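Colleague: Attaching a predicted model along with its sequence, questions to come.
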Amino acid sequence: MKWLLDEMFPPTAAAELRRLGHDARSVAGSMLAGTDDEHL
């Protein structure tokens, strides 16, 4: 399963999920920041 964490989650949450072996990215701190949820 892939995780895309919304901006309400800090990038460290995605980092922790990756450390646990999950495929996780964070919208916060990426080029996707500020994108409407419907577009994501």
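Modeller: Received it, and whenever you're ready, just let me know what you need. Residues are numbered from 1 along each chain as shown.
Colleague: ok, and the closest non-adjacent residue to the residue most central in space within the chain?
Modeller: Computing the C-alpha centroid of the chain and ranking residues by C-alpha atoms, centre = their mean puts Ser26 first, at 1.8 Å. Once flanking residues are discounted, Ser26 sits nearest to Ala14: 3.8 Å by C-beta to C-beta, 6 or more residues apart in numbering. Where you see a C-beta, it was placed from the backbone N, CA and C, and this is true even at glycine.
Colleague: any idea which element that neighbour lies in?
Modeller: helix 11-19 (DSSP states H and E).
Colleague: Now that helix: average pLDDT?
Modeller: If you average the pLDDT over helix 11-19, you get 95.
Colleague: Helix or strand next in line after that helix, which one?
Modeller: Downstream of helix 11-19, the first helix or strand assigned by DSSP H and E is strand 23-26.
Colleague: Tell me the buried residues in that next one?
Modeller: 24-26 (16 or more other C-beta atoms under 10 Å).
Colleague: Only alpha carbons, please: show it as CSV.
Modeller: In CSV, the C-alpha atoms belonging to strand 23-26 read as follows (Å, rounded to 0.1, in the frame of the first residue of the first chain):
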residue,chain,number,x,y,z
ASP,A,23,5.9,3.4,1.0
ALA,A,24,4.9,6.9,2.4
ARG,A,25,5.2,10.5,1.1
SER,A,26,4.1,13.7,2.7
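Colleague: And it, what does it pack against?
Modeller: Contacts defined by 3 or more C-beta pairs under 8 Å, 6 or more residues apart in numbering; DSSP states H and E place strand 23-26 against strand 2-5, helix 11-19.
Colleague: picking that back up, who are the packing partners of the helix holding Ala14?
Modeller: Against helix 11-19 (3+ C-beta pairs under 8 Å, 6+ apart) you get strand 2-5, strand 23-26.
Colleague: would you list those strands in a markdown table and tack on mean pLDDT and distance to Thr35?
Modeller: As requested, those are arranged in a markdown table below (pLDDT from 0 to 100; distance: least, C-beta to C-beta, whole Å):
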| stretch | mean pLDDT | distance to Thr35 |
| --- | --- | --- |
| strand 2-5 | 92 | 11 |
| strand 23-26 | 94 | 13 |
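Colleague: Thanks a lot, catch you later.
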